[in-house]
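1. Kindly return the folded structure for what I paste below:
(chains A and B)
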Number of protein chains: 2
Amino acid sequence: MAAAQMAAASPYTGRKPVVDRMLAMMREAKARGADVIVYPELALTPFFIMHWVDDLAEADVYYEKAMPNPDVQPLFDEARALGIGFYLGYAELIGQGEGAKRFNTAILVGKTGEIIGKYRKVHLPGHADYRPELPFQGLEKLYFEVGDTGFGTWQAFGGVVGMCICNDRRWPETYRVMGLQGVELVMVGYNTPTSVPWDTTFDHLTEFHNHLSVQAGAYQNSSWVVSVAKTGRDGPLDLIGGSCIVSPGGEIVMTAQTREDELLVAACDLDLAQKYKRSVFDFSQHRRTEHYRAICDQIGVAAA
Amino acid sequence: MAAAQMAAASPYTGRKPVVDRMLAMMREAKARGADVIVYPELALTPFFIMHWVDDLAEADVYYEKAMPNPDVQPLFDEARALGIGFYLGYAELIGQGEGAKRFNTAILVGKTGEIIGKYRKVHLPGHADYRPELPFQGLEKLYFEVGDTGFGTWQAFGGVVGMCICNDRRWPETYRVMGLQGVELVMVGYNTPTSVPWDTTFDHLTEFHNHLSVQAGAYQNSSWVVSVAKTGRDGPLDLIGGSCIVSPGGEIVMTAQTREDELLVAACDLDLAQKYKRSVFDFSQHRRTEHYRAICDQIGVAAA
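-> Numbering: from 1, shown residues only, chains lettered A, B, ... in the order given. Predicted coordinates for the structure are as follows:
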């Protein structure tokens, strides 16, 4: 598996410089023996959700209207030529005008360049309203609808693989729904600021929380996780790095050392995932769903 | 909060030496300013579940038939005298003969010595059958029934507090059900061998998994967790230590340095738990239960 941590995209240049960097990392990944390369969330654009717009159509430039499309076709062509799969995060626009739908999306592409699976982000952080007191906004709930795909898995690359996006990785439900499908490898891309002005309580723990969430999800579901950052300066934001490849034991096997383009490649034996699945986390032996009802029946906190 | 890590109980001496050690730690906890002291799982006895018996009644000596009872009454009396609460894990026996019920139980006792709450362990690890190929057994599923209390919480000690036991702490569902009740402090006792013969794959990660599970549960539910080991040599077992007090940010605030009796005391500001509950983990804003159904509707793994 290859994790392609990427410095942020420029808002001024269009897709080509980004796609060129992605192609270079894809070739390096293949040369280093990878079968799949994982790119970040919203890999093709800046993390544009910090800007308020009066009309979402003003931001249409950041969305892909088709996938593939001419801008990203070189990624599909190169994947087929090299025989390597990839995970790509991007902003997805369906339709236009009043009926338009916008999702924070990831696709999984196979070694012959075909789209195997699609995931639309479920856990959108931040807010949908304009907050004039903030120096910048966190408008994922404005720019995207809640994903409608659920947490699917696919038989691919010799195992059971799943996808999620950014904030999804902090929620144990994300991994568990995939774990209940026997997932052996989860791919996740993210954009995570070092600090956001609406919540500075735990700024000193931002990178720790990134790893903690991914490690716990891996361990508690006996799955590899490949977690990949868009990183570095992006407009008003400093984005963390910390891309990592985590084993089914929850160990960080490899982690990024920079806040720049950086490729991690590690051998991920999917059979290792099976060992815990047959023991501590043999769900069929140990889960007691009769005591879990609140998880599905209740959204927010309710006093006991 | 005080965490009273304890070396294992002798199988030959009855309860008094253990209770005496517990009383000493209770007095020390009070002297160091604690409002509550947390003792381990099955604090009063050895971790007897590694021994096969043909008839469970042979093990009745390890179970409490009433709570309180004369053996443990000094704990209740001292708690009231000092004005300190406690969490106590023990084996509970209800009834006798064919109709007997056995649980792995914890109680929460208030500052005036009254029992505030009871929890019976839900996630029983190991097996119920005799496995002659093993040098010792892991028979929690034989010695105990699955708990019937669910994951409750109580208004106590100035906040919302909950309990779980040992293997429960590895399951994100445990914390989430309490998190949905607004829990601000979870108490957990455990007995965790450094190695068990039926699963040695991840022996090098045993202590890491202990902390990872507790830290993730704390962070993902914005709750303090006080997690307390029975530790050291216990028959054929070496039990890990690693007792810890973990903040709602998931940080280990304090951790044990020995595999002996050791008291940790830390100030736990329950209001800190509220900060995340209003932000990243504001469940009412961010949880999407329509995508979680499998967690409650499905016990084991099923292919997608």
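2. Please count neighbours and contacts with C-alpha atoms only from this point.
-> Will do.
3. in what helix or strand does the closest residue to A:Glu114 other than its chain neighbours lie?
-> Leaving aside its sequence neighbours, A:Glu114 sits nearest to A:Phe76 (CA to CA, 6 or more residues apart in numbering or on different chains; 7.8 Å). If you go by DSSP states H and E, A:Phe76 is part of helix A:73-82.
4. what residues are up against the residue nearest to A:Glu114?
-> For A:Phe76, the contact set (CA atoms under 8 Å, 6 or more residues apart in numbering or on different chains) comprises A:Pro68, A:Val109, A:Gly113, A:Glu114.
5. ok, residues contacting stretch A:9-24?
-> A:Ala4, A:Tyr39, A:Ala43, A:Leu44, A:Thr45, A:Pro46, A:Asp71, A:Val72, A:Pro74, A:Leu75, A:Glu78, A:Asp234.
6. For the stretch 51-200 of chain A, give the residue positioned nearest to chain B.
-> Taking CA to the nearest CA as the measure, the stretch 51-200 of chain A has A:Leu180 as its residue closest to chain B, at 4.4 Å.
7. Correct me if wrong: that residue contacts B:Ala294.
-> Yes - counting by CA atoms under 8 Å, B:Ala294 is a contact partner of A:Leu180 at 7.2 Å.
8. follow-up on the earlier one: which ones are touching the residue of the stretch 51-200 of chain A closest to chain B?
-> The contact partners of A:Leu180, by CA under 8 Å, 6+ apart, come to A:Phe283, B:Ala294, B:Ile295, B:Gln298, B:Ile299, B:Gly300, B:Val301, B:Ala302, B:Ala303.
9. pretty sure the third one contacts A:Asp297?
-> What it means is B:Ile295. No - the criterion here is CA under 8 Å, and B:Ile295 misses it with A:Asp297 at 10.9 Å.
10. nearest spatial neighbour of A:Gly249, skipping sequence neighbours?
-> A:Tyr219 (4.9 Å).
11. Am I right that that neighbour is in a helix?
-> Yes - read with DSSP: H, G, I helix; E, B strand; the rest coil, A:Tyr219 is one of the residues of a helix.
12. thinking again about what came up before, please check the contacts of stretch A:9-24 and keep the buried ones.
-> Neighbour counting by 16 or more other CA atoms under 10 Å in any protein chain shown classes A:Ala4, A:Tyr39, A:Ala43, A:Leu44, A:Thr45, A:Pro46, A:Val72, A:Pro74, A:Leu75, A:Glu78, A:Asp234 among those as buried.
13. Quick one: name whatever helix or strand follows the helix or strand in which A:His209 is found.
-> Under the criterion of DSSP H and E, A:His209 resides in helix A:206-221. Next helix or strand after helix A:206-221 toward the C-terminus (DSSP H and E): strand A:224-234.
14. Any chance you could list what contacts the very next helix or strand once past that following strand?
-> Sequence order places strand A:237-239 as the next helix or strand after strand A:224-234, per DSSP H and E. For strand A:237-239, the surrounding residues in contact (CA under 8 Å, 6+ apart) are A:Asn191, A:Thr192, A:Pro193, A:Thr194, A:Ser195, A:Lys230, A:Thr231, A:Gly232, A:Arg233.
15. for strand A:237-239, what is the average pLDDT?
-> On average, the pLDDT along strand A:237-239 is 95.
16. now do stretch A:242-261
-> Taken as a whole, stretch A:242-261 has a mean pLDDT of 98.
17. which bits of the stretch 101-250 of chain A sit near chain B?
-> For the stretch 101-250 of chain A, the contact set with chain B under CA under 8 Å from any CA of the partner chain comprises A:122-126, A:150-154, A:170-174, A:176-177, A:179-182, A:199, A:201-202, A:205, A:209, A:212-213, A:215-216, A:219-220, A:249-250.
18. Now, of those, which are buried?
-> By 16+ other CA under 10 Å, these give A:122-126, A:150-154, A:170-174, A:176-177, A:179-182, A:205, A:209, A:212-213, A:215-216, A:219-220, A:249-250 as buried.
19. among those residues, which are in helices?
-> Restricting these to those inside helices, with DSSP state H as the criterion, leaves A:172-174, A:176-177, A:179, A:209, A:212-213, A:215-216, A:219-220.
20. Can you report how many residues lie near A:Asp20?
-> Neighbour count of A:Asp20, defined by other CA atoms under 10 Å in any protein chain shown: 14.
21. go on, the one 10 residues further on?
-> Burial measure for A:Lys30: 20 neighbouring residues, criterion other CA under 10 Å.
22. Heading C-terminal from the helix or strand containing it, find the next helix or strand.
-> Assigned by DSSP H and E, A:Lys30 belongs to helix A:16-31. Next in sequence after helix A:16-31, counting helices and strands by DSSP H and E, comes strand A:36-38.
23. Pull the distance from that next one to the chain's centre.
-> Per CA atoms, centre = their mean, to the nearest Å, the displacement of strand A:36-38 from the mean C-alpha position of its chain is 12 Å.
24. helices and strands around the helix or strand just after that strand, which ones?
-> Downstream of strand A:36-38, the first helix or strand assigned by DSSP H and E is strand A:63-64. Counting contacts by 3 or more CA pairs under 8 Å, 6 or more residues apart in numbering or on different chains; DSSP states H and E, strand A:63-64 is packed against strand A:85-94.
25. Which helix or strand lies directly C-terminal to the strand it packs on?
-> Once the chain leaves strand A:85-94, the next helix or strand it forms, by DSSP H and E, is strand A:101-109.
26. name the helices or strands packed onto that next one?
-> Other elements packing on strand A:101-109 under the criterion 3+ CA pairs under 8 Å, 6+ apart are strand A:85-94, strand A:115-120, strand A:159-165.
27. residues of it that come out buried?
-> A:Arg102, A:Phe103, A:Asn104, A:Thr105, A:Ala106, A:Ile107, A:Leu108, A:Val109.
28. A:Glu98: how many residues sit nearby?
-> Using other CA under 10 Å: A:Glu98 sits among 7 other residues.
29. which residues of chain A score low on pLDDT?
-> Counting by pLDDT under 70, chain A contains no low-confidence segment.
30. If we use 90, what do you get?
-> Applying pLDDT under 90 to chain A flags the ranges A:9-13, A:96-98, A:196-202, A:275-276, A:278-279, A:303-304.
31. A:Tyr63 and A:Ile94 touch, don't they?
-> No - at 9.2 Å, A:Tyr63 does not count as touching A:Ile94 under the criterion of CA under 8 Å.
32. between these two, who's got more neighbours?
-> The residue with more neighbours, out of A:Tyr63 and A:Ile94, is A:Tyr63; 19 against 14, by other CA under 10 Å.
33. How about the more buried one: which residues does it bridge to?
-> A:Ala91 (DSSP bridges).
34. same check, this time on A:Gly85
-> Residues in a beta bridge with A:Gly85, per DSSP bridges, are A:Val36.
35. What count of nearby residues applies to it?
-> A:Gly85, neighbours per other CA under 10 Å, totals 29.
36. Same check on A:Glu260?
-> Number of residues near A:Glu260 (other CA under 10 Å) recorded here: 17.
37. who touches A:Thr255 in this structure?
-> Taking CA under 8 Å, 6+ apart, we find A:Thr255 in contact with A:Gly242, A:Ser243, A:Cys244, A:Ile245, A:Leu264.
38. from what I can see A:Lys230 touches A:Val38, true?
-> No - with contact defined as CA under 8 Å, A:Lys230 and A:Val38 do not form a contacting pair (11.3 Å).
39. Which neighbours do the two have in common?
-> Contacts common to A:Lys230 and A:Val38, judged by CA under 8 Å, 6+ apart, are A:Gly189.
40. higher neighbour count, those two?
-> Neighbours per residue (other CA under 10 Å) separate A:Lys230 from A:Val38, with A:Lys230 holding more: 32 against 27.
41. Show me what that one bridges to in the sheet.
-> Beta-bridge partners for A:Lys230, by DSSP bridges, are A:Met6, A:Asn191.
42. The one 4 residues further on now?
-> For A:Asp234, the beta-bridge partners under DSSP bridges are A:Leu237.
43. count of residues packed around A:Ile116?
-> For A:Ile116, using other CA under 10 Å, the count is 14.
44. A:His204 now?
-> 12.
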